[in-house]
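> quick check, what structure comes out for this input:
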Amino acid sequence: MSIPRDMDEKKKLSAVCGLFCPSCTVYIGTQEDPPRLKAIAGRFQLPVEEWECEGCRSERRSYYCRNNCKMVACAAEKGIEFCGECDDYPCEELKKFQAERPHRIELWESQRRIAEIGFSEWFEEMVDHYSCPKCRTINSAYDRVCRVCGSEPSCRYVQLHQGEIDKSLIRSK
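As a prediction, this is how the structure comes out:
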């Protein structure tokens with residue numbers, strides 16, 4: 001996966017809530033792992049096309065994001081780029097969203113870093129945070145081992161949050 005250098009392209013891959021789209025399993029499936037995307041679509045009994053995603057701020061967003069995310073519309077309505085800029089931050093909607101899944105553990109930290117160092121620097125930190133230390137492939141929070149070279153852990157995020165990820169996967173079975 002090539003990481004964009006253009007600011008508009010980076011923004012397209014940065015969710016208003018603080019998620020980093022290139023580390024999303026749906027985004028990875030759309031961009032370079034069709035069997036992954038097919039498995040997700042099968043789990044939800046929807047066509048693969050419904051799950052294709054090119055990032056939070058793109059025209060083509062996943063089924064989940066199109067139908068469940070309230071943050072994008074809220075941010076647009078308020079004229080802000082990230083939830084952390086809102087007077088109501090963190091709102092109840094964002095708190096609920098953050099608490100649901102382990103890939104959302106760092107939302108508060110992401111919002112803090114965006115405000116502290118700026119969007120562009122935060123984006124570069126996220127590239128490093130989700131990249132395999134050996135081959136530099138960006139992995140998702142649920143990829144325990146690097147999906148390309150097999151290195152373990154797959155990235156710093158997984159190293160830091162393996163316990164929470166494991167608990168979530170056990171509960172969802």
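
> which other helices and strands does the host helix or strand of Pro35 contact?
Assigned by DSSP states H and E, Pro35 belongs to helix 34-43. Counting contacts by 3 or more Cβ pairs under 8 Å, 6 or more residues apart in numbering; DSSP states H and E, helix 34-43 packs against helix 25-32, helix 48-51. In this view, the C-beta of every residue, glycine as well, is placed from N, C-alpha and C.

> what comes into contact with whichever helix or strand comes after the shortest one?
On the C-terminal side of helix 48-51, the nearest following helix or strand under DSSP H and E is helix 63-68. Residues lying outside helix 63-68 but in contact with it, judged by Cβ atoms under 8 Å, 6 or more residues apart in numbering, are Val26, Phe44, Leu46, Glu50, Trp51, Cys53, Cys56, Val72.

> just put those residues in TSV and tack on distance to Glu109.
Shown next, in TSV, are those (distance: Cβ to Cβ, whole Å):
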residue	distance to Glu109
Val26	22
Phe44	29
Leu46	32
Glu50	31
Trp51	27
Cys53	23
Cys56	18
Val72	20
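
> make a PyMOL selection of the buried ones in those residues.
Restricted to buried positions by 16 or more other Cβ atoms under 10 Å, the PyMOL selection for those reads:
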select buried, resi 26+51+53+56+72
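
> quick check, nearest of the contacts of helix 63-68 to Tyr130?
Val26 (14.3 Å; Cβ to Cβ).

> now do the contacts for the closest one.
In this structure, Val26 makes contact with Leu37, Ile40, Trp51, Cys53, Ser62, Tyr64, judged by Cβ under 8 Å, 6+ apart.

> same thing with Ala115?
Contacts for Ala115 (Cβ under 8 Å, 6+ apart) come out as Gly84, Glu85.

> tell me which helix or strand of this structure sits lowest on mean pLDDT?
Scoring the helices and strands of the chain by mean pLDDT, DSSP states H and E places helix 156-171 at the bottom, with a mean of 84.

> distance between it and the chain's centre?
Relative to the mean C-alpha coordinate of its chain, helix 156-171 is positioned 15 Å out (Cα atoms, centre = their mean, to the nearest Å).
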